[in-house]
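Engineer: Give me the fold of what follows.
(one chain, ligands or ions: 2)
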Amino acid sequence: MTSPHDKRKEVVSSIPKRNLVRAEQVFLTKLKDVTANQVLSILSKRELVKNCDIDRAEMKLIQEEFSEDKLPEWWNPQIEAKFTVLERISLKDAFNYIVFRFKFHHYPRTGQVYDFPQYVLIEPVSSCNLRCPMCFQVDSTFTKKPYMGIMNLNLFKKVINECAAGGTGAITLASRGEPTLHPKLPEMLSYLNGKFFEVKLITNGTRLNEDLCRSIFKNGIDQIVLSIDSEDPEIFESIRYGADFQTVLKNVIMLKSIREREFPNSMTRIRISGVKIIKSQNPTAFKEFWSQYVDEVTMGGAEERWDTYNNQLHPELTDKCLYPWERLYVWFDGTCNPCDVDYKSFLSPGKIGESSIRKIWHSNHFKKLRSDHLSGERGKHNPCDRCQVC
Ligand code: SF4
Ligand code: SF4
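Structural biologist: Ligands and ions are numbered 1, 2, ... in the order given. Purely as a prediction, here's the structure:
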């Protein structure tokens with residue numbers, strides 16, 4: 001019988017190391033069908049249009065995107081998931097959420113820089129208890145000082161306060177490490193409560209416990225995403241190296257049953273998000289098994305970011321990457337970064353504590369990165385010169 005270690009080695013060697021393209025997630029489960037006319041009726045509410053903070057021309061543009069009963073190309077399942085709870089959110093929130101999503105899609109593509117980052121990804125912890133082969137946690141030059149650490153709660157609150165005041169729309173807790181390793185994660189969730197349109201927690205599910213599950217639902221976290229890639233224990237354990245399938249299954253069942261039993265009106269969506277890296281993974285069986293326990297099941301490809309700095313150079317890549325316009329990552333020590341492909345922060349435009357998020361977002365360093373991307377010179381930056389994620 002193959003040992004888990006040998007199985008993992010087999011998985012590692014089977015992943016194509018080079019030339020991966022950006023991996024889109026595919027929803028395997030069916031969500032609610034939202035029609036463009038439903039959205040348009042929200043966007044046409046006069047009192048909401050009057051009080052929103054965008055100009056008329058932009059509002060007209062948004063409304064045009066939903067004309068002739070067609071949903072725009074940026075309407076994705078994640079947005080649709082929000083609309084499965086539409087009956088339970090106010091019209092004003094639904095309206096503002098659509099506006100936020102429109103800007104989130106358009107601004108990076110048209111090269112407009114938001115006044116303040118609209119999407120912020122925060123890592124409570126940079127380490128992980130697993131060693132998945134497609135993750136930067138397998139880079140042993142990364143899993144040590146100065147890269148490993150845990151976020152101080154005061155720093156977390158400072159980041160959240162600035163994001164809330166600046167108008168950030170979405171927060172994700174995860175990034176380079178496993179957030180459930182943070183002993184104060186429930187306090188972080190409580191601090192996030194009610195401040196943003198979307199709050200997402202990504203976890204490998206190995207360390208969920210009853211209190212944490214309650215804290216997720218009590219604090220209205222919009223989405224909990226569990227990184228699970230198979231219904232087959234052996235395949236699962238060869239990818240999520242270090243995890244035990246039965247423990248994770250038990251935890252997912254616990255999560256679901258706490259929501260059903262104690263929070264029947266919860267709007268938190270539970271999603272299983274898998275990465276397809278080996279042939280023997282079966283998306284159909286995967287979906288059938290996990291959709292018994294969760295609301296959504298998705299699967300995407302692996303992104304080329306587990307050994308970023310040794311990737312082959314790609315001088316032919318001159319398109320701008322959207323990330324420097326779209327989002328901001330905040331590491332455990334306040335270091336900011338445009339992406340986690342660059343998990344060692346070569347591209348970092350600054351650190352919270354030494355500067356504010358707003359100043360970092362508009363810093364010369366960030367401006368230079370954006371302008372080089374715009375002028376087809378991303379090759380001046382390592383690792384943009386070897387990155388095909390975006
Ligand atoms: S669980 Fe996530 S952070 Fe941890 S090793 Fe796997 S992919 Fe990386
Ligand atoms: S390394 Fe550069 S090109 Fe790749 S995702 Fe990050 S910012 Fe974009």
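
Engineer: Not including adjacent chain positions, what is the nearest residue to residue 151?
Structural biologist: residue 332 (4.2 Å; CB to CB, 6 or more residues apart in numbering). Bear in mind the C-beta positions are built from the backbone N, C-alpha and C, glycine included.

Engineer: nope, residue 180 is what I meant
Structural biologist: Per CB to CB, 6+ apart, closest to residue 180 is residue 207, 4.1 Å.

Engineer: where's that neighbour relative to residue 178, distance?
Structural biologist: Residue 207 sits 7 Å away from residue 178 when distances are taken as CB to CB, to the nearest Å.

Engineer: and whatever helix or strand residue 41 lives in, what does it pack onto?
Structural biologist: Using DSSP states H and E, residue 41 falls within helix 36-43. Counting contacts by 3 or more CB pairs under 8 Å, 6 or more residues apart in numbering; DSSP states H and E, helix 36-43 is packed against helix 56-65, helix 91-110.

Engineer: How far away from the center of its chain is the helix or strand following that helix?
Structural biologist: Downstream of helix 36-43, the next assigned helix or strand under DSSP H and E is helix 46-51. Centroid separation between helix 46-51 and its chain, computed with CA atoms, centre = their mean, to the nearest Å, is 31 Å.

Engineer: element containing residue 121, please.
Structural biologist: strand 119-122.

Engineer: Can you name every helix or strand that that strand contacts?
Structural biologist: Using 3+ CB pairs under 8 Å, 6+ apart: strand 119-122 touches helix 153-166, strand 170-173, strand 328-330.

Engineer: Check the average confidence over it, would you?
Structural biologist: Mean pLDDT, strand 119-122: 98.

Engineer: Equivalent analysis for stretch 174-186, please.
Structural biologist: On average, stretch 174-186 scores 97.

Engineer: Could you do stretch 336-346 as well?
Structural biologist: Here the average pLDDT along stretch 336-346 is 97.

Engineer: how about it: buried residues?
Structural biologist: Within stretch 336-346, the residues that count as buried by 16 or more other CB atoms under 10 Å are 336-345.

Engineer: Start and end of it, how far apart?
Structural biologist: 11 Å (CA to CA, to the nearest Å).

Engineer: who's residue 269 bridged to?
Structural biologist: residue 223 (DSSP bridges).

Engineer: so residue 338 sits right up against residue 328, yeah?
Structural biologist: Yes: if you go by CB atoms under 8 Å, residue 338 and residue 328 touch, sitting 7.1 Å apart.

Engineer: for residue 200, helix, strand, or coil?
Structural biologist: strand (DSSP: H, G, I helix; E, B strand; the rest coil).

Engineer: Any stretches of the protein with poor pLDDT?
Structural biologist: 1-32, 77, 84-88 (pLDDT under 70).

Engineer: Quick check: residues of it near ligand 1?
Structural biologist: Residues of the chain lying close to ligand 1 (CB under 6 Å from any ligand atom) are 128, 130-132, 135, 137, 177-178, 204, 227.

Engineer: Show me how far the strand holding residue 121 is from its chain's centre.
Structural biologist: Taking mean C-alpha positions (CA atoms, centre = their mean), strand 119-122 and its chain are 8 Å apart.

Engineer: Outside of that strand itself, list whatever touches it.
Structural biologist: 104, 151, 156, 159, 163, 168-175, 326-330, 340, 357 (CB atoms under 8 Å, 6 or more residues apart in numbering).

Engineer: Mind checking if that strand is in reach of ligand 2?
Structural biologist: No: Strand 119-122 does not reach ligand 2 (CB under 6 Å from any ligand atom); its nearest approach is 12.5 Å.

Engineer: That strand pairs with which strands?
Structural biologist: strand 170-173 (parallel), strand 328-330 (parallel).

Engineer: how close does residue 42 sit to residue 207?
Structural biologist: For residue 42 relative to residue 207 (CB to CB), the value is 39 Å.

Engineer: name the element whatever residue of the stretch 251-390 of the chain ends up closest to ligand 1 belongs to?
Structural biologist: For the stretch 251-390 of the chain and ligand 1, the shortest gap (CB to the nearest ligand atom) falls at residue 275, measuring 7.9 Å. Using DSSP H and E, the element containing residue 275 is strand 269-276.
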